[in-house]
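In: Prediction below, plus the sequence it came from.
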Amino acid sequence: MIVMQDVHKRFGPNRVLRGMSLEIARGSSMVIIGGSGTGKSVALKCVLGLIRPDAGRILVDGQDIRTGDRDAFLARFGMLFQGAALFDSLSVWQNVAFRLLRGSLKRPVDEARAIAIEKLRRVGLKPEVADRFPSELSGGMQKRVGLARAIAAEPEIIFFDEPTTGLDPIMAGVINDLIREIVVEMGATAMTITHDMSSVRAIADRVAMLHDGVIQWTGPVAGMDAADDPYLSQFINGRADGPIEAVR
Amino acid sequence: MNPAARPLAHIGRMAIALLAALGRVAIFAGTAAGHMLRPPFYPRELGHALLHVGWLSLPVVGLTALFTGGALALQIYAGGARFNAEAVVPQIVAIGMVRELGPVLVGLMIAARVTSSIAAEIATMKVTEQIDALVTLSTHPMKYLVVPRVIAGLLTVPVLVGVGDVIGIFGGYAVAVQNLGFNPAAYLANTVDFLEPRDILSSLAKGCAFGGIATVMGCYFGMNSGRGAQGVGRATKSSVEAAAVLILAANFVLTGVFFSL
């Protein structure tokens, strides 16, 4: 279970998180929605320890993320970055097997390559792709490789940062379906941040809306359309008029 | 504030900012040095860095040294002719290349070629979240990106300086023998007889220091770059400027140190 308690983070005068609290149950898929610049990525990076919160606590299975062995903590996570964040200098299979080629999860090279190819197949990529470099792939293929890398070490918790940004609607649908299938298949806890409502409906068990640095609404995805929260209603219906100020 | 004091305040703020920046670089270099001694180590990355910093820099270093050595021989000959001292060409070329021009020119070429490339590569990795990705994959960016490059700089730049010294002396030799009518055997004998071990030692020590400066500055500005293409560009430009100035400053200090020995 992931628990964020009253998390604050500011960058200079810009107060991004103003007391964000959220609970994500083990094995569930939580999607955090909100407009651009509302702090969704900052929240996610705070959980991973990539950004240090100014105040508040973040617990993973009851343990404060600032305590304990950092490598063991990170070994429980997989993450798909917005731009895939593949390493240009490494081939596709070396990207996917990155964690399996070094550190505490190190395997023999042949075994790591075999696992990488299996994971590539799982995300719909042929083994021939394994020896290509990221710059030789389309945006959709790069996302799939990023997804394969995120699941390569079979993590308990997977984070998805804007998984469909920059993809055409069909490819976005494919990625959404893959994420849902993989999360269910692995029984992993998932935290996704997006402002793509088709992703929300495809991926989420529960939805949380972040606005003004706090969670404005949270509940099951099935209850999202019927909720009477004006912020949520404006956001999911894409209306310019409402409590969320839209800059024209 | 008294208007007359404003320029002083401005100078004071600039001095404090400069000291703060030097402090940040020193902390960064110290952190990198600490990571050099603790596992995990990444030999594959080190091999790649040795190739990139050392082997692939050989052509530009060699050509720079060759032309500089040749030009130096011509200048010394022309200058020496004013007071009938043309015969000192081999000695001055040797000492000029080994003690001063070899290390400085190699250091500046490394700053241009390697520092810029390291800064641009790491800054691009930062803006495309590849450094965050490294962290989430349980890999420390200092160990994976910085340490191999700095070790490569410390190990290969002295070798490049040594090679540059030899090629520079050869450039002077070729010009002196072909164009200025020097006897080949006498030229080489004068060169070898005149150089002392401490000349070579100072050259290699400078190479080591310049290699460290060039790679640390590339890594520092890359890791601390701003966002977007502008951030990458600014990091690259600043890294080369800082490396070049620090190399020249370090050269002055090291020359003083070796003079006093």
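Out: Received the coordinates, thanks.

In: On the three-state scheme, the most centrally placed residue in chain A is what?
Out: Geometric centre of chain A, nearest residue: A:Phe160, 1.7 Å, by CA atoms, centre = their mean. Taken by DSSP: H, G, I helix; E, B strand; the rest coil, the conformation at A:Phe160 corresponds to strand.

In: What residues are bridge-paired with it?
Out: Bridge pairing for A:Phe160 (DSSP bridges) gives the partners A:Leu80, A:Thr192.

In: and A:Val96, how many neighbours does it have?
Out: Counted with other CB atoms under 10 Å in any protein chain shown, residues neighbouring A:Val96 total 32. All C-beta spots, glycine's among them, are computed from the backbone N, C-alpha and C.

In: Now do the closest residue to chain B within chain A against A:Gly19, distance only.
Out: At 4.0 Å from chain B, A:Ala85 is the closest residue in chain A, using CB to the nearest CB. Noted for A:Ala85: a distance of 29 Å to A:Gly19, by CB to CB, to the nearest Å.

In: the more surrounded of these two?
Out: Set A:Ala85 next to A:Gly19 and count neighbours by other CB under 10 Å: A:Ala85 wins out with 24 against 16.

In: quick one: the more buried one and B:Asp132 touch, right?
Out: Yes. Judged on CB atoms under 8 Å, A:Ala85 makes contact with B:Asp132 at a distance of 6.8 Å.

In: Tell me which residues touch the closest residue to chain A within the stretch 151-261 of chain B, please.
Out: Using CB to the nearest CB, the closest approach of the stretch 151-261 of chain B to chain A is made by B:Arg227 at 12.0 Å. Contacts for B:Arg227 (CB atoms under 8 Å, 6 or more residues apart in numbering or on different chains) come out as B:Val127.

In: pLDDT score assigned to A:Val247?
Out: Per-residue confidence (pLDDT) for A:Val247: 59.

In: And the longest helix anywhere in chain A, what's buried?
Out: Of all the elements of type helix in chain A, the one with the most residues (DSSP state H) is helix A:169-186. Neighbour-count burial for helix A:169-186 flags A:171-172, A:174-176, A:178-180, A:182-183, A:186 (criterion: 16 or more other CB atoms under 10 Å in any protein chain shown).

In: Of the residues you listed, just say which sits nearest to B:Ile118.
Out: Comparing the buried residues of helix A:169-186 against B:Ile118 with CB to CB places A:Ile175 closest, at 33.9 Å.

In: which residues sit against stretch B:30-37?
Out: B:140, B:142-143, B:146-147, B:150-151, B:216, B:219.

In: Show me the shaky parts of chain A.
Out: A:246-248 (pLDDT under 70).

In: what are the ranges of the helices in it?
Out: Under DSSP H, chain A gives helices at A:40-48, A:70-74, A:92-96, A:109-122, A:139-151, A:169-186, A:197-203, A:230-237.

In: Just put these in CSV and tack on distance to B:Tyr173.
Out: Below are the helices of chain A laid out as CSV (distance: least, CB to CB, whole Å):
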stretch, distance to B:Tyr173
helix A:40-48, 59
helix A:70-74, 56
helix A:92-96, 47
helix A:109-122, 49
helix A:139-151, 54
helix A:169-186, 64
helix A:197-203, 70
helix A:230-237, 76
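
In: Could you tell me how many residues sit around the closest residue to A:Ile2 other than its chain neighbours?
Out: Among residues not flanking A:Ile2 along the chain, A:Ile24 sits closest, at 4.3 Å (CB to CB, 6 or more residues apart in numbering or on different chains). Neighbours of A:Ile24 under the rule other CB under 10 Å: 23.

In: for A:Asp225, same thing?
Out: Using other CB under 10 Å: A:Asp225 sits among 11 other residues.

In: State the phi and psi torsions of it.
Out: Main-chain torsions, A:Asp225, degrees, to the nearest 10: phi -70, psi -30.

In: quick one, what contacts it?
Out: So A:Asp225 contacts A:Ile236 (CB under 8 Å, 6+ apart).

In: same deal with B:His140?
Out: B:35, B:134.

In: Residues of chain A that sit close to chain B?
Out: A:45, A:48-50, A:70-71, A:74-75, A:77-79, A:81-83, A:85-89, A:98-99, A:102-105, A:149 (CB under 8 Å from any CB of the partner chain).

In: would you say B:Gly70 is within a helix?
Out: Yes. B:Gly70 forms part of a helix when assessed by three-state DSSP.

In: Pretty sure it sits against B:Ala174.
Out: Yes. B:Gly70 is within contact range of B:Ala174, at 6.5 Å (criterion: CB under 8 Å).

In: what about the spatially most central residue of chain B, which SS state?
Out: By CA atoms, centre = their mean, chain B has its centre lying nearest to B:Gly107, at 2.4 Å. Of the three states, B:Gly107 takes helix under three-state DSSP.

In: now it, nearest residue through space, not along the chain?
Out: That would be B:Phe210: by CB to CB, 6+ apart, it lies 3.3 Å from B:Gly107.

In: burial measure for the one you found, as a count.
Out: 30.

In: which ones are touching it?
Out: Going by CB under 8 Å, 6+ apart, the list of residues near B:Phe210 reads B:103-104, B:106-107, B:110-111, B:157, B:161, B:247, B:250-251.

In: Find the helix or strand that it is a member of.
Out: Assigned by DSSP states H and E, B:Phe210 falls within helix B:197-223.
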